[in-house]
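K.L.:
just to be clear, the model below is a prediction. Sequence and coordinates:
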Amino acid sequence: MRGRPAGLLLDLDGTVWDDGAAILGVPEAIERLRGAEVPLRFATNITRVPRRTIAGWLDGFGIAARPEDIFTPPLAAAAWLTEQGFERILLCLPKHTFEEFGAFTIGSADPEAVVIGDMGPTWSYDILNTAFRCLLEGAEFVALHRNRYWKTPDGFSLDAGAFVAALEYATGRKATLVGKPSQPMFEAAARSMRLELSDLAMVGDTLESDIAGAQAVGCQAILVRTGKFDTDELARSDAKPDLVVDSLAVLPDLLLD
């Protein structure tokens, strides 16, 4: 690595937990890092639930977390939409995530922006077609992330990126990305720790959103061999992590004196 990072950004699904359980040794590792006063935040592309729910999941795994410690694409999208001056939006998200967009009027009547996230099995033709029509009429096209798939207890499943790509193809338009690997999420997390992006290392299991995304904005990147890690994908990829480790659980031994 280029040097010891002053702070850490931790991916969640596949890095902190996997298959509905904390990865062995990870809660203890996070406790050790915090005990050594290493600033850390959680940076995840989860869009199906609000941050308070994610904080509850972490608490259930024995990892203390406040919603403000968690950086998600809905949070980044709400900030970006506010900066752009938008007020009326169409959200393609589960309804319990709408709470992250309390400052907006939400609905399909003449939206100024269409926001695409992960709706899982609740996706339908009608939802996609409504989004498609609003985009054709000129609404801004916002993607919470472009992950192609994610790992579930039942196996790999389609993620929001597949639906973003479908709408891009149908409309001939390119979505504005606000989640990982875009810069706004990394910047917001760095500001919350009062650190520069170059001071941070991103720890994750996904080459595109975690590793390449972090390095593109000046962070170091640590790839874990958990979650979606694939040896063949790493060999083929242009993304080259600064460090590859078996698990987040080993980081305290590597980073702390």
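P.N.:
That came in fine, so what should we check first?
K.L.:
sec struct for Phe86, please.
P.N.:
When classified by DSSP: H, G, I helix; E, B strand; the rest coil, Phe86 comes out as coil.
K.L.:
leaving aside the residues next to it on the chain, what's closest to it?
P.N.:
What sits nearest to Phe86 in space, not counting adjacent residues and going by CB to CB, 6 or more residues apart in numbering, is Glu112, at 4.5 Å. Bear in mind the C-beta positions are built from the backbone N, C-alpha and C, glycine included.
K.L.:
wait, that neighbour touches Glu87, no?
P.N.:
Yes. If you go by CB atoms under 8 Å, Glu112 and Glu87 touch, sitting 6.6 Å apart.
K.L.:
which stretches of the stretch 51-200 of the chain form helices?
P.N.:
In the stretch 51-200 of the chain, helices defined by DSSP state H, counting those that start in this stretch lie at 51-60, 73-84, 125-136, 160-171, 183-192, listed in chain order.
K.L.:
need those in JSON lines (columns: mean pLDDT, mean neighbour count and distance to Asp246).
P.N.:
Formatted as JSON lines, those follow (pLDDT from 0 to 100; neighbours: other CB atoms under 10 Å; distance: least, CB to CB, whole Å):
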{"stretch": "helix 51-60", "mean pLDDT": "96", "mean neighbour count": "17", "distance to Asp246": "21"}
{"stretch": "helix 73-84", "mean pLDDT": "92", "mean neighbour count": "20", "distance to Asp246": "28"}
{"stretch": "helix 125-136", "mean pLDDT": "96", "mean neighbour count": "16", "distance to Asp246": "40"}
{"stretch": "helix 160-171", "mean pLDDT": "95", "mean neighbour count": "18", "distance to Asp246": "27"}
{"stretch": "helix 183-192", "mean pLDDT": "89", "mean neighbour count": "19", "distance to Asp246": "25"}
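K.L.:
and these as JSON lines, adding distance to Ala239?
P.N.:
Below are the helices of the stretch 51-200 of the chain laid out as JSON lines (distance: least, CB to CB, whole Å):
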{"stretch": "helix 51-60", "distance to Ala239": "26"}
{"stretch": "helix 73-84", "distance to Ala239": "20"}
{"stretch": "helix 125-136", "distance to Ala239": "30"}
{"stretch": "helix 160-171", "distance to Ala239": "16"}
{"stretch": "helix 183-192", "distance to Ala239": "15"}
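K.L.:
how about the ones you listed, which one is nearest Gly117?
P.N.:
helix 160-171 (5.4 Å; CB to CB).
K.L.:
so which elements touch the closest one?
P.N.:
Packed against helix 160-171 by the contact rule (3 or more CB pairs under 8 Å, 6 or more residues apart in numbering; DSSP states H and E) you find strand 113-116, helix 125-136, strand 140-143.
K.L.:
mind putting these into TSV with distance to Asn45?
P.N.:
Converted to TSV, the helices and strands packed on helix 160-171 look like this (distance: least, CB to CB, whole Å):
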stretch	distance to Asn45
strand 113-116	13
helix 125-136	19
strand 140-143	11
